[in-house]
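Engineer: What follows is a protein structure lacking sequence information:
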């Protein structure tokens, strides 16, 4: 019997209110890195913050707070835990003067002053989204430094902010203290567009299942991945999941056996949250299945079911994401059998 290892949930989504997104089929559109009218723009809140904490002009202080409302109070109160104060300047000064935070700020600026590929990819993703699902809402996008807190933060269906210090690369020294080995590859800057769109999807289309069985959750995760694959048509499903080539190959070779085990162990309709998390959350392996089964395997199986369902029913991505999270109903209609 394989004993479960300690795992840490990958902090991608911290939806403080609500959020949104949708996906696509069809020819992918692209924009250049120098587009004069990008579909989304990125506002560098993190770059303006150091100047703000030194500001003494009350009018300029008010302008900064107003410019970044409603994110500013959420950042100060909920992300940094600075309590409640009108300007938060004292608490922010202490935060920015911390040695580790100063290093994060410097390293983030160095990294992202030259790394702009993720911006182009994110703009391309929202261009495809806009063309195929217009007139759907797009978020206002900011960047911030969280001190390795949540990677993506959203506020209702209007604003999303990326914690750039969470994307400095899997070999960044401070990550050894913060993330497990199997999580670090999810913290490369090329993950930002994928994570942003995933968060947008999850907020627009939250998980809804009264039964909340493993199969229901797998179906929901499969729907999210399917839509991501439409938004990022050149990115294969294993990259979306953060799988290595070895993990991808194991999934391909063992799909039938995985399905057989899920049925044989009577896990599909199990509603225990601990068991569901073992199949869905990042982990070194799925301890209740096999030591070579990669974490998040339930998400991958959910995607295979949804792909079969989309093919069987000739459904577009927008129709897929709007379907019920009733796993039994979708599974039956998909005719999936491993």
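Structural biologist: Now that the structure is in, tell me what you want to look at. Everything numeric here is computed off the predicted structure, so don't read it as measured data.

Engineer: so which helix or strand takes in the residue nearest in space to the middle of the chain?
Structural biologist: In the chain, the C-alpha nearest the mean C-alpha coordinate belongs to residue 195, at 3.2 Å (Cα atoms, centre = their mean). Assigned by DSSP states H and E, residue 195 belongs to helix 192-204.

Engineer: Correct me if wrong: residue 302 contacts residue 216.
Structural biologist: No. In this structure, residue 302 is not within contact of residue 216 by Cβ atoms under 8 Å, at 9.6 Å. (Glycine included, C-beta is placed from N, CA and C.)

Engineer: Return the set of residues that bridge with residue 163.
Structural biologist: Beta-bridge partners for residue 163, by DSSP bridges, are residue 144.

Engineer: Next, find the distance separating it from residue 79.
Structural biologist: 8 Å (Cβ to Cβ, to the nearest Å).

Engineer: for residue 235, same thing?
Structural biologist: From residue 235 to residue 79 the distance is 29 Å (Cβ to Cβ).

Engineer: Give me the more crowded residue out of those two.
Structural biologist: A direct count of neighbours by other Cβ atoms under 10 Å for residue 235 and residue 79 places residue 79 higher, at 20 against 16.

Engineer: counting residues per helix, which one in the chain is longest?
Structural biologist: helix 245-264 (DSSP state H).

Engineer: Could you identify the helix or strand that succeeds that one?
Structural biologist: helix 273-280.

Engineer: I'd like to check the angle between the helix or strand immediately after that next one in the chain and helix 245-264, please.
Structural biologist: On the C-terminal side of helix 273-280, the closest following helix or strand by DSSP H and E is helix 297-313. Inter-element angle recorded for helix 297-313 and helix 245-264: 80 degrees (by axes from the mean of the first three to the mean of the last three Cα atoms, to 10 degrees).

Engineer: what inclination does helix 297-313 have with respect to helix 273-280?
Structural biologist: 70 degrees.

Engineer: Which elements pack onto helix 297-313?
Structural biologist: Packing partners of helix 297-313 (3 or more Cβ pairs under 8 Å, 6 or more residues apart in numbering; DSSP states H and E): helix 214-231, helix 237-241, helix 245-264, helix 273-280, helix 317-321, helix 327-334.

Engineer: Show me what the helix holding residue 195 is packed against.
Structural biologist: strand 13-15, helix 117-133, strand 152-155, strand 159-163, helix 214-231.

Engineer: Centre of the chain to the second one, how far?
Structural biologist: If I follow you right, that is helix 117-133. With Cα atoms, centre = their mean, to the nearest Å as the basis, helix 117-133 stands 15 Å off its chain's centre.

Engineer: Also stretch 310-324?
Structural biologist: On the basis of Cα atoms, centre = their mean, stretch 310-324 sits 22 Å off its chain's mean C-alpha point.

Engineer: Flag every buried residue along that stretch.
Structural biologist: Buried residues in stretch 310-324, counting neighbours by 16 or more other Cβ atoms under 10 Å, are found at 310, 315-318, 320-321, 323.

Engineer: Run a quick neighbour tally on residue 130.
Structural biologist: For residue 130, the number of neighbouring residues by other Cβ under 10 Å comes to 17.

Engineer: Without its sequence neighbours, what residue ends up closest to it?
Structural biologist: Closest residue in space to residue 130, ignoring its immediate chain neighbours: residue 39 at 5.5 Å, by Cβ to Cβ, 6 or more residues apart in numbering.
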